[in-house]
Each structure stands twice: as C-alpha cells, then as structure tokens.
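1. From the sequence below, what's the structure:
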Amino acid sequence: MSNYIPVELRNQIEISDRGRCCYCLTQAVNSGIVLSFDHILPRSKGGKTVFENVCLACRACNEFKSDTTESTDPLTATTVPLFNPRCQNWNDHFTWSEDGTTVEGLTVVGRSTILALQMNRAIIRVARKRWVSSGWHPPKD
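-> Numbering: from 1, shown residues only. All right, here's what the predicted structure looks like:
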C-alpha cells in the first residue's frame with residue numbers, strides 16, 4: 001500500500017469501492033491479490049491525493065494504466081479521456097459478455113479504457129470463467 005495516502009482516506013476509498021477494482025471490477029477476495037490505490041489523474045500530471053482522484057485498482061489495471069489519461073477508441077479512432085470511476089458510472093460505459101468473462105465497451109470511453117488497460121487479457125478471462133462457474137462473478141451491484 002502507498003504510505004503517502006492517509007489511513008482515513010484509505011478507509012474511505014476501500015469502503016466506497018467495495019473491495020474491487022474500479023476499472024475491471026476484479027474483487028480482491030476472488031483474485032487473492034491486494035488492490036492498489038490508483039491516482040485517476042496521476043500525481044505526475046498534477047493529480048491530488050484526495051477521494052475524488054484516488055480509487056482502488058487491481059495490480060494489472062494500475063500497471064497498464066500507469067500515467068495514461070487518455071486512449072484511442074478502436075472503432076472511431078477518437079482519442080478520449082479514460083474512464084473516471086469517481087465521475088462516471090461503470091454501467092454507462094461497460095457491460096459483461098453473456099458468459100461474464102469479457103468486459104465490453106458501450107461507449108468510446110469504455111472501449112478506449114478496455115484497450116488501454118488490457119482488461120480482457122487471456123489469463124484474466126480464464127480466471128473470470130472460474131469465478132463465474134462458482135457464482136462469484138460478475139459482481140452484483
């Protein structure tokens with residue numbers, strides 16, 4: 001965990017984000033991997049360490065996102081900001097495939113975020129298939 005994030009803010013984020021990645025919705029209890037704190041607007045680009053700018057992210061989403069703030073939609077070739085989990089609703093931009101293993105983009109923001117964060121890598125789709133068969137996935141809101 002990041003030492004520079006105050007304990008009170010960590011607690012607020014963990015409660016708000018319900019123990020799951022705000023991008024791909026991977027739950028720490030399913031993956032067994034501790035979630036990290038992601039600065040939505042990276043500190044390197046002026047992002048502040050405040051609730052409105054920090055969310056939980058799985059290790060993969062956080063690493064693929066890095067300091068990226070925008071990406072190109074594969075369908076329209078439009079460059080747009082990545083999904084912001086503090087300002088936007090996940091269900092407005094993403095949905096699950098019928099079998100629950102693949103995140104599908106509903107909007108330019110959704111599609112470009114999926115691409116940038118590589119949210120449908122083969123290994124995570126295999127894990128999601130196992131979680132689905134156990135009734136653990138996709139998460140119910």
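
2. Could you use CA atoms for every contact and neighbour count after this?
-> OK.

3. so who does the closest residue to Thr26 other than its chain neighbours touch?
-> For Thr26, ignoring the flanking residues on the chain, the nearest one in space by C-alpha to C-alpha, 6 or more residues apart in numbering is Arg20 at 5.3 Å. Residues near Arg20 by C-alpha atoms under 8 Å, 6 or more residues apart in numbering: 26-28, 35, 56-58.

4. Which strand residues bridge Arg20?
-> For Arg20, the beta-bridge partners are Gln27 (DSSP bridges).

5. For burial, what's the neighbour tally of Thr107?
-> For Thr107, the count of nearby residues is 14 (other C-alpha atoms under 10 Å).

6. Which parts of the protein are strands?
-> Here the chain has its strands, by DSSP state E, at 36-39, 54-57, 70-72, 79-81, 94-96, 103-105.

7. most tightly surrounded among those?
-> Of all these, strand 54-57 carries the top mean neighbour count, a mean of 26, counting by mean count of other C-alpha atoms under 10 Å.

8. I'd like to know the average pLDDT value across it.
-> Averaged across strand 54-57, the pLDDT comes to 98.

9. Can you name every helix or strand that it contacts?
-> helix 7-16, strand 36-39 (3 or more C-alpha pairs under 8 Å, 6 or more residues apart in numbering; DSSP states H and E).

10. Buried deepest among these, which one?
-> With neighbours taken as mean count of other C-alpha under 10 Å, the helices and strands packed on strand 54-57 reach their highest mean count in strand 36-39, at a mean of 22.

11. mean confidence score for it?
-> For strand 36-39, mean pLDDT rounds to 97.

12. same deal with stretch 114-121?
-> Stretch 114-121 shows an average pLDDT of 98 in the prediction.

13. Mind listing what's buried along that stretch?
-> Counting neighbours by 16 or more other C-alpha atoms under 10 Å, one finds that the buried residues in stretch 114-121 are 114-120.
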